[in-house]
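[1] what's the 3D shape of this:
(one chain, ligands or ions: 4)
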Amino acid sequence: MKITLSVIKADIGGFVGHSSVHPEVLNRVKEVALEAKDNGIIKDVSVLACGDDIALVMTHTKGIDSSEIHEVAWNAFKEGTEVAKKLKMYGAGQDLLSDAFSGNIKGMGPGIAEMEFEERKSEPVIVFFADKTSPSAWNLPLYEMFADPMNTAGLVIDPSMHEGFIFEVLDVYTGMSIKLNTPEELYDLLVFIGATSRYCVKAVYRKKDREIAAVASTQKLSLMAGRYVGKDDPVLIVRCQSGFPAVGEVLEPFARPWFVEGWMRGSHTGPLMPVSFSQAKPTRFDGPPRVIAAGYQICEGELIGPSDLFDDPAFDQARLDASLMANYLRRQGIFEPHRLPPEEMEYTTLPKVLEKLKDRFKLVDTGRPKIHTEGEVAE
Ligand code: 13P
Ligand code: 13P
Ligand code: MG
Ligand code: MG
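    Ligands and ions are numbered 1, 2, ... in the order given. Just a heads-up that it's a prediction; the model follows:
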């Protein structure tokens, strides 16, 4: 059976501040989504929360980019926003950039990751969901899962993975994407995806048969809205086992935390901490950034799960490591590299301060030719 798995997420109001979701808001979103299940529009739905974000994990047979499915999510988030507004939750409706649904949820604020596949004899999938970070947070773990044999033994051992995987990489500024083959174009791939402020992995395919293996949400809200409207707080779907990395290979990169952009005011660098569902409440300096892993077995389109995969003492050390990494960075306060460089800062006052003080800048004789600023005529 061909099944579509659609994960659509939004921040529609935080409880308290940007730290979590109020149960009444979550319940309303669930109710609306379950109505769509009762009406036969979707086959199944599971609702996840990570920090102040809510994700609808839906199965159906309508393919990707189905306006009917996108509308289910839009309506659920709209209704949830009404409750969030009533309770005066923080930033109620934060990610809904438009008042009316116009056929496709892309570009309207919510993040979206969708894939269609023939359901296998057994179909284990993991939905990762992060708060206080951006989609490029997935670049490093996707590289390790699908291209690094030191992480994924299956790349060496499993004949159906041995040819490697194809990475689709998006330039979030131009909207252009490129497909790169691994292992042969690995170094080219890393040139791009190591530059996390510009490039993010959008999807991964198995090379042998072009089968979809992973899809990430790649919205860049700040670019879509033309002003700061919150961090992107992405989702990622990964298929596991039998020709894909094993569940443990997919989770393994998260055992060694790395730095991502986001955290306080979307303007800092911080470690991505893998946590259980109940620990997904970022309160220290609004962080550090969190990620949860929800495992499902899909059975005739039904979502059996979620299984809370980071709820495992084997990830305790990663949480301690992330706390230590957070301590080191917090020592830097408002100084880079804890604070992001100016072009990446989300709530930046820099342009205003520059404008206010522009007449007070004087040219200093540094011994190099004068650099002309825009509008100035060269002598
Ligand atoms: P089982 O032998 O338990 O199925 O495990 C195989 C596997 O893929 C472990 O990663
Ligand atoms: P969110 O993107 O999770 O809403 O967080 C915004 C923020 O400013 C955190 O400090
Ligand atoms: Mg928020
Ligand atoms: Mg958030």
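
[2] out of everything not next to it in sequence, what's closest to the residue positioned nearest the centre of the chain?
    For the chain, Pro234 is the residue whose C-alpha lies nearest the centre (C-alpha atoms, centre = their mean; 1.6 Å). Of all residues not flanking Pro234 in the chain, Pro135 sits nearest, at 4.1 Å (C-beta to C-beta, 6 or more residues apart in numbering). C-beta: built from backbone N, CA, C; applies to glycine.

[3] give me the number of residues near the residue in the stretch 51-200 of the chain positioned nearest to ligand 3?
    Here the stretch 51-200 of the chain gets closest to ligand 3 at one residue, Asp52, 4.1 Å apart by C-beta to the ion. Number of residues near Asp52 (other C-beta atoms under 10 Å) recorded here: 33.

[4] How about the contacts made by Leu251?
    Leu251 makes contact with 126, 293, 309-310, according to C-beta atoms under 8 Å, 6 or more residues apart in numbering.

[5] how about the residues of this protein that lie near ligand 4?
    Residues of the chain that fall close to ligand 4, judged by C-beta under 5 Å from the ion: 11, 51-53, 131, 233.

[6] Buried ones from these, can you make that a ChimeraX selection?
    Buried residues within the residues of the chain next to ligand 4, by 16 or more other C-beta atoms under 10 Å, are selected in ChimeraX with:
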select :11,51,52,53,131,233
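
[7] which residues of this structure score low on pLDDT?
    Along the chain, segments meeting pLDDT under 70 span 221-222, 225-231, 346-348, 370-379.

[8] Longest helix in it, please.
    Longest helix of the chain, by residue count under DSSP state H: helix 67-86.

[9] didn't Val260 look like it was pressed against His268?
    No. Checked against C-beta atoms under 8 Å, the pair Val260 and His268 is beyond contact range at 9.8 Å.

[10] could you measure the nearest residue to Val29 once chain neighbours are set aside against Ser19, distance?
    Of all residues not flanking Val29 in the chain, Gly80 sits nearest, at 4.0 Å (C-beta to C-beta, 6+ apart). According to C-beta to C-beta, to the nearest Å, Gly80 stands 17 Å off from Ser19.

[11] and if you look at Met224?
    The gap separating Met224 from Ser19 is 24 Å, by C-beta to C-beta.

[12] Around ligand 2, which positions in the chain sit nearby?
    Counting by C-beta under 6 Å from any ligand atom, the residues of the chain close to ligand 2 are 11, 18, 51-52, 131-132, 230-231, 233, 264-266, 286.

[13] can you pull out the strands in the stretch 151-300 of the chain?
    165-171, 177-181, 199-206, 212-216, 235-239, 259-262, 268-271, 273-274, 290-299 (DSSP state E, counting those that start in this stretch).

[14] which other helices and strands contact whichever helix or strand comes after the longest one?
    On the C-terminal side of strand 290-299, the nearest following helix or strand under DSSP states H and E is strand 302-308. Counting contacts by 3 or more C-beta pairs under 8 Å, 6 or more residues apart in numbering; DSSP states H and E, the secondary-structure elements packed against strand 302-308 are strand 44-50, strand 53-60, strand 290-299.

[15] Can you tell me which of those strands is packed in deepest?
    Highest mean neighbour count among the helices and strands packed on strand 302-308 (mean count of other C-beta atoms under 10 Å): strand 53-60, with a mean of 27.

[16] returning to that earlier point: a markdown table please, covering the strands of the stretch 151-300 of the chain and showing distance to ligand 3.
    Shown next, in a markdown table, are the strands of the stretch 151-300 of the chain (distance: least, C-beta to the ion, whole Å):
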| stretch | distance to ligand 3 |
| --- | --- |
| strand 165-171 | 24 |
| strand 177-181 | 28 |
| strand 199-206 | 20 |
| strand 212-216 | 20 |
| strand 235-239 | 15 |
| strand 259-262 | 11 |
| strand 268-271 | 15 |
| strand 273-274 | 18 |
| strand 290-299 | 13 |
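
[17] so Ile54 sits right up against Val29, yeah?
    Yes. Ile54 is in contact with Val29 according to C-beta under 8 Å; the separation is 5.6 Å.

[18] Now do the shared contacts for the two.
    Common neighbours of Ile54 and Val29 (criterion: C-beta under 8 Å, 6+ apart): 12, 47, 77, 80.

[19] distance of the third one from Lys106?
    Between Phe77 and Lys106 the distance, using C-beta to C-beta, works out to 14 Å.

[20] Looking at the two, which one has more neighbours?
    Each of Phe77 and Lys106 has its neighbours counted (other C-beta under 10 Å); Phe77 has more, 29 against 15.
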